[in-house]
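[1] Next one to model:
(one chain, ligands or ions: 2)
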Amino acid sequence: MSSIKGPSTHEYDGSNLRIAIVHARWNESVVDALVVGALNKLGQCGVKAHNIVIQSVPGSFELPLACSRIIAGSRTQNGGSTGDLLGFTSANTPGSVADSPTASVPFDAVIAIGVLIKGATMHFEYICDSVSHALMRTQLDTGVPIIFGVLTALNEEQALERAGMGAGMRHNHGEDWGLAAVEMATRCRIWGQGKFMEDAS
Ligand SMILES: Nc1c(NC[C@H](O)[C@H](O)[C@H](O)CO)[nH]c(=O)[nH]c1=O
Ligand SMILES: CC(=O)[C@@H](O)COP(=O)(O)O
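    Ligands and ions are numbered 1, 2, ... in the order given. Below you'll find the model as predicted:
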């Protein structure tokens, strides 16, 4: 009997959405595969490349604050920061900031991506618990959908499988997160107008 598990497969039009992907750098090879999966699905839904912002943080524990600050910054009048933040010159220097001459455009959704792999201590449990609760609180506080793209794997194989990299080359969950971002961004925009979206049959 085939499994009943799995995400919705409805497609949505993302051609006028602005999406941020915020990813941790721990377990980077798996994170990178998940980010690619999300980007591929965003592209399939019509999200334009110039409407996708990708930012990284050291680890998953930093994801909630990063999402909160990126959402807040996208709502300011002067857009993202111009000039550099850390005194570095621009052009591929770590810490430099791309100019953002245009006025800010708020993000319609944020995809938070990280890979947590259980180690020998309780560190894993505390990060998983705190990050999941904080991301939920941040999306409710800001009203911006934050897609939970944090793998909480008990071992490396579980993480690899969920990024489509395992021996069985299982499904890349990044694709699910990309689709969820487009759907929730679309629905929240419509709900915010006091309207309702016909549910695809
Ligand atoms: N062990 C993993 C971590 N640990 C690092 C924390 O997320 C955090 O960056 C550090 O404690 C400093 O605040 N992060 C992951 O994303 N994945 C792990 O498996
Ligand atoms: C998720 C973690 O922080 C974990 O990988 C750290 O490993 P350990 O518990 O052995 O320190």
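
[2] For the residue of the chain found nearest ligand 2, which three-state class applies?
    Going by Cβ to the nearest ligand atom, ligand 2 is nearest to residue 119 of the chain, at 2.1 Å. Quick note: C-beta positions are derived from backbone N, CA and C, even for glycine. When classified by DSSP: H, G, I helix; E, B strand; the rest coil, residue 119 comes out as coil.

[3] And the one 10 residues further on, by the same measure?
    With three-state DSSP as the basis, the three-state label of residue 129 is helix.

[4] do residue 2 as well
    Assignment for residue 2 (three-state DSSP): coil.

[5] hmm, stretch 63-80 touching ligand 1?
    No. Contact of stretch 63-80 with ligand 1 is not found when judged by Cβ under 6 Å from any ligand atom; the minimum separation is 8.0 Å.

[6] Could you pick out the residues of this structure near ligand 1 for me?
    Taking Cβ under 6 Å from any ligand atom as the contact definition, the chain meets ligand 1 at 24, 26-27, 58-62, 114-117, 127.

[7] From those, which land in strands?
    Among the residues of the chain next to ligand 1, the residues falling in strands (DSSP state E) are 24, 114, 115, 116, 117.

[8] Adding neighbour count, pLDDT and distance to residue 48, write these out as JSON lines.
    Output for these, formatted as JSON lines (neighbours: other Cβ atoms under 10 Å; pLDDT from 0 to 100; distance: Cβ to Cβ, whole Å):
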{"residue": "24", "neighbour count": "24", "pLDDT": "98", "distance to residue 48": "25"}
{"residue": "114", "neighbour count": "28", "pLDDT": "98", "distance to residue 48": "25"}
{"residue": "115", "neighbour count": "29", "pLDDT": "98", "distance to residue 48": "27"}
{"residue": "116", "neighbour count": "24", "pLDDT": "98", "distance to residue 48": "31"}
{"residue": "117", "neighbour count": "18", "pLDDT": "98", "distance to residue 48": "34"}
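
[9] List the contacts of residue 43.
    residue 49 (Cβ atoms under 8 Å, 6 or more residues apart in numbering).

[10] isn't there a helix covering it?
    Yes. Assessed by three-state DSSP, residue 43 belongs to a helix.

[11] Roughly how far does it sit from residue 71?
    Here the criterion is Cβ to Cβ, to the nearest Å. By it, residue 43 lies 22 Å from residue 71.

[12] Look up how far residue 118 lies from residue 182.
    Counting by Cβ to Cβ - residue 182 and residue 118 are separated by 31 Å.

[13] So for the two, which residue has more residues nearby?
    Taking other Cβ atoms under 10 Å, residue 182 and residue 118 do not tie; residue 182 has more neighbours (28 against 17).

[14] Residue 17 is in contact with that one, correct?
    Yes. If you go by Cβ atoms under 8 Å, residue 182 and residue 17 touch, sitting 6.3 Å apart.

[15] thought residue 10 was touching residue 180?
    No. Assessed by Cβ under 8 Å, residue 10 is found out of contact with residue 180, at 10.6 Å.

[16] ok, residue 136 - how many residues close by?
    Residue 136 is flanked by 13 other residues according to other Cβ under 10 Å.
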